[in-house]
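In: have a look at this prediction, sequence included:
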2 protein chains.
Amino acid sequence: MSSAQPAFIGVDWGTSSFRAYLVDARGGLIEQIGSDRGILSIAPGAHEGVLAGAVAPWKDADPTLPIVMSGMIGARQGWIEAPYANCPAGVAEIAAAVVTIPTQRLGRISLAPGVSRVDAHGGPDVMRGEETQILGALAALKARAGLFVLPGTHSKWARVEDGRIMSFASYMTGEVFAALKDHTILGRLMSGAGAQGEGFAQGVGAAARLERPGDLLHAIFMTRTLGLFDRLGPDQLADYLSGLLVGAELLAGARGAASAVVIGSPSLTARYCKAGELLGLRLTPAPDNCVLLGQFALLERL
Amino acid sequence: MSSAQPAFIGVDWGTSSFRAYLVDARGGLIEQIGSDRGILSIAPGAHEGVLAGAVAPWKDADPTLPIVMSGMIGARQGWIEAPYANCPAGVAEIAAAVVTIPTQRLGRISLAPGVSRVDAHGGPDVMRGEETQILGALAALKARAGLFVLPGTHSKWARVEDGRIMSFASYMTGEVFAALKDHTILGRLMSGAGAQGEGFAQGVGAAARLERPGDLLHAIFMTRTLGLFDRLGPDQLADYLSGLLVGAELLAGARGAASAVVIGSPSLTARYCKAGELLGLRLTPAPDNCVLLGQFALLERL
């Protein structure tokens, strides 16, 4: 935590959680608050009141503090829909697409847009919040190029050149894992959660042996047969499935690259780094405060 | 329907449904009954009573009629667990593994085993019921070799040579589809069910363009973005996802073969044949009564 002078308030408002940060002029964290008041729990028109209540102590101390928001709060089901910036998108393009929300109690609030992309076959893809984290990672690493992975419910893999996100793709790894574990026959044999043990390594190994895309549907089913035939204990089956899906995502997202930067929670980052080790892909964790650094970089451009 | 002399009673007792058939000496159907009393709804020890009640009219008319059962009724959670026959397995090997259940009211009942297989990396796979359908298809088609696909919750692809199932693999297509549709964000944009229209063709096309196995996790996510960006209507999104998964399964299961025989319900068979057409894979529907013909082939060997 920094004890420096506050420079802005950063807000990371997602689907199921709310987080606000008091940040200094170097992007350092001074103080933070959080709650489970994600955007899905907020009635239309109630956003300003919720935010004002949460950041009141900071705003009372300094009413001039600017507020920068990023994440799903800018989605259609959020406060105000912020149209996507299109790839290629760097800090200049993303800052140019920032939406300003006028409020009665908090002054003007800056809302980062998401970034969208259309692939060679006309297929669209989107991110919201991750673009700001990538800008922060670039600032922290003093980098202008690289491959970035943001693991999660809908993992993102983004290729950055000359400071701009050139292309990216989403992989539904986290949500597919949860749906298969909780809502198919696979969960019936699972018990407990192993911690990246034998099951995880076997799953990553199975991912590396897949020959055709549809083979993934076969390897997923093997979560059941490996359990039925006692090849893996009940506490290793969820980890097999996790290793299989994460491994398949890594091999597809990296597309032969030798290294990438991971931006994510410590536990997910560790899981991805472990899979990367097993597959010969060098994954380096990004610094913790990428969101704040990214919001700070946007604020400097407004 | 045949009006010939009854030769045996065939029972296809699955997880969620019960079906019994009165069959003539050429495997022809004389009469059939069915109910929703699948094995998951039957208490231990209650199987004989349920079956006796269902087939009483037939047995009363001819108490000597043999009964042959196949399907999940031979699984661990069924009546009696019938150990798997190992690949390669033809009618001789499967008949040799038939379990005989002694009963008080129905005499001795024959229970077909499932078939198991271990792949080159020690990964096990299983089928239960499909082996009997494959034997029936071989009999109906007077064939001793071919590639067979049995679409469903856990689709099976089996390679038959010289009358024996040499190898097979399961693909969790149907259950993955249901879990993604009903238990992820993908279902939120879906409404209604298109009938193999534009969405299905787009999904099959996307499957054909997948380069790496993990790309499937990306193409699954596109079910959402194609809807968000109005590239597909809400009534086409479930069909996109279906086409994607079925297409990926076909390309993996066929492994470059030019043709295969489909054994399944008319609606699933039509769906698979349509995907096959789009992918240049010739799929031919098997005759309807493969289960009975397979049970009859086993009965002849007992």
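Out: Ah, there it is.

In: which stretches in the stretch 201-302 of chain A count as strands?
Out: Along the stretch 201-302 of chain A, counting by DSSP state E, counting those that start in this stretch, strands occupy A:259-262, A:282-285.

In: and the first one, what does it pack onto?
Out: In this case it means strand A:259-262. strand A:146-150, helix A:266-279, strand A:282-285 (3 or more Cβ pairs under 8 Å, 6 or more residues apart in numbering or on different chains; DSSP states H and E). In short, each C-beta sits where N, CA and C put it, glycine included.

In: give me that answer again for 10 Å
Out: If contacts are counted by 3 or more Cβ pairs under 10 Å, 6 or more residues apart in numbering or on different chains; DSSP states H and E, strand A:259-262 sits against helix A:130-141, strand A:146-150, strand A:155-161, helix A:237-254, helix A:266-279, strand A:282-285.

In: show me how the record splits chain A into domains.
Out: Using automatic domain parsing, the domains assigned to chain A come out as A:6-142, A:173-285.

In: of all the helices and strands packed on strand A:259-262, which one is nearest chain B?
Out: Evaluated over the helices and strands packed on strand A:259-262, closeness to chain B peaks at helix A:237-254, with 2.8 Å, by Cβ to the nearest Cβ.

In: ok and the residue in the stretch 1-150 of chain A nearest chain B?
Out: For the stretch 1-150 of chain A, Cβ to the nearest Cβ, closest residue to chain B: residue A:124, 4.4 Å.

In: correct me, but that residue touches residue A:84?
Out: Yes - counting by Cβ atoms under 10 Å, residue A:84 is a contact partner of residue A:124 at 9.3 Å.

In: quick check: residues of the stretch 51-200 of chain A near chain B?
Out: For the stretch 51-200 of chain A, the contact set with chain B under Cβ under 10 Å from any Cβ of the partner chain comprises A:75-76, A:84, A:116-126, A:153-155, A:157, A:169-186.

In: go again with 6 Å.
Out: Taking Cβ under 6 Å from any Cβ of the partner chain as the criterion, the stretch 51-200 of chain A approaches chain B at residues A:123-126, A:169-173, A:175, A:179-180, A:183-184.

In: dump the residue contacts of the most far-flung residue of chain A relative to its centre.
Out: When distances to the mean C-alpha position of chain A are computed (Cα atoms, centre = their mean), the maximum falls on residue A:229, with 36.7 Å. Going by Cβ atoms under 6 Å, 6 or more residues apart in numbering or on different chains, residue A:229 touches residue B:124.

In: where in chain A is pLDDT low?
Out: The model of chain A has pLDDT under 70 over residues A:1-2, A:193-196.

In: so where do the helices sit in it?
Out: Counting by DSSP state H, one finds helices in chain A at the ranges A:47-61, A:91-96, A:130-141, A:173-183, A:198-209, A:215-228, A:237-254, A:266-279, A:290-301.

In: kindly reformat those as TSV containing mean neighbour count and distance to residue B:267.
Out: Shown next, in TSV, are those (neighbours: other Cβ atoms under 10 Å in any protein chain shown; distance: least, Cβ to Cβ, whole Å):
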stretch	mean neighbour count	distance to residue B:267
helix A:47-61	16	46
helix A:91-96	18	47
helix A:130-141	26	40
helix A:173-183	20	23
helix A:198-209	22	32
helix A:215-228	25	20
helix A:237-254	27	29
helix A:266-279	18	39
helix A:290-301	24	48
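
In: to residue B:102, which of the ones you listed lies closest?
Out: With Cβ to Cβ, the closest approach to residue B:102 among those belongs to helix A:215-228: 27.1 Å.

In: give me the most central residue, chain A.
Out: Closest-to-mean residue, chain A, Cα atoms, centre = their mean: residue A:150 / 4.6 Å.

In: wouldn't that one be in contact with residue A:263 here?
Out: Yes - Residue A:150 lies in contact with residue A:263 (Cβ atoms under 6 Å); the separation is 4.9 Å.

In: list the residues that contact both of the two?
Out: By Cβ under 6 Å, 6+ apart, residue A:150 and residue A:263 have no common neighbours.

In: and stretch A:189-203, how far apart are its ends?
Out: End-to-end span of stretch A:189-203 (Cα to Cα, to the nearest Å): 16 Å.

In: same question, stretch A:32-43
Out: By Cα to Cα, one end of stretch A:32-43 lies 24 Å from the other end.

In: near chain B at all, that stretch?
Out: No - figure legend: stretch A:32-43 not in contact with chain B (Cβ under 6 Å from any Cβ); closest approach 11.4 Å.

In: list the contacts of that stretch.
Out: By Cβ under 6 Å, 6+ apart, the residues outside stretch A:32-43 that reach it are A:14, A:15, A:16, A:17, A:18, A:19, A:20, A:21, A:50, A:72, A:73, A:78.

In: buried stuff in that stretch?
Out: Neighbour counts over stretch A:32-43 (16 or more other Cβ atoms under 10 Å in any protein chain shown) mark A:37, A:38, A:39, A:42 as buried.

In: looking at the residues you listed, which one is closest to residue A:249?
Out: For those, the nearest to residue A:249 is residue A:38 (24.8 Å; Cβ to Cβ).

In: might you report the residue contacts of residue A:156?
Out: Contacts for residue A:156 (Cβ under 6 Å, 6+ apart) come out as A:127, A:130, A:150, A:168, A:170.

In: actually residue A:186, not the one I wrote
Out: Applying Cβ under 6 Å, 6+ apart, we find residue A:186 in contact with A:180, A:223, A:224.

In: same check, this time on residue A:199
Out: Contacts of residue A:199 (Cβ under 6 Å, 6+ apart): A:232, A:236, A:239, A:240.

In: swap in 8 Å and give it another go.
Out: Contact analysis of residue A:199 by Cβ atoms under 8 Å, 6 or more residues apart in numbering or on different chains lists A:232, A:233, A:235, A:236, A:237, A:238, A:239, A:240, A:243.

In: distance to residue B:269 added to the residues you listed, as a markdown table?
Out: A markdown table is the format used below for those (distance: Cβ to Cβ, whole Å):
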| residue | distance to residue B:269 |
| --- | --- |
| A:232 | 34 |
| A:233 | 39 |
| A:235 | 40 |
| A:236 | 37 |
| A:237 | 32 |
| A:238 | 34 |
| A:239 | 37 |
| A:240 | 32 |
| A:243 | 35 |
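
In: output those as a markdown table; include the columns distance to chain B.
Out: Shown next, in a markdown table, are the contacts of residue A:199 (distance: Cβ to the nearest Cβ, whole Å):
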| residue | distance to chain B |
| --- | --- |
| A:232 | 11 |
| A:233 | 15 |
| A:235 | 19 |
| A:236 | 14 |
| A:237 | 14 |
| A:238 | 15 |
| A:239 | 16 |
| A:240 | 11 |
| A:243 | 13 |
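
In: between those, which sits nearest residue B:292?
Out: Residue B:292 has its nearest neighbour among the contacts of residue A:199 in residue A:237, at 36.7 Å by Cβ to Cβ.

In: leaving out sequence neighbours, find the closest residue to that closest one.
Out: Spatially, and ignoring its direct neighbours in sequence, residue A:237 is nearest to residue A:190 (4.6 Å; Cβ to Cβ, 6 or more residues apart in numbering or on different chains).

In: the one you found contacts residue A:181, correct?
Out: Yes - applying Cβ atoms under 8 Å as the test, residue A:190 and residue A:181 come out as touching, 6.7 Å apart.

In: common neighbours of those two, please.
Out: residue A:238.

In: of the contacts of stretch A:32-43 - the most surrounded one?
Out: The most neighbours of any of these, using other Cβ atoms under 10 Å in any protein chain shown, belong to residue A:73, which has 28 neighbours.

In: right, and it touches residue A:11 too?
Out: Yes - checked against Cβ under 8 Å, the pair residue A:73 and residue A:11 is within contact range at 7.3 Å.
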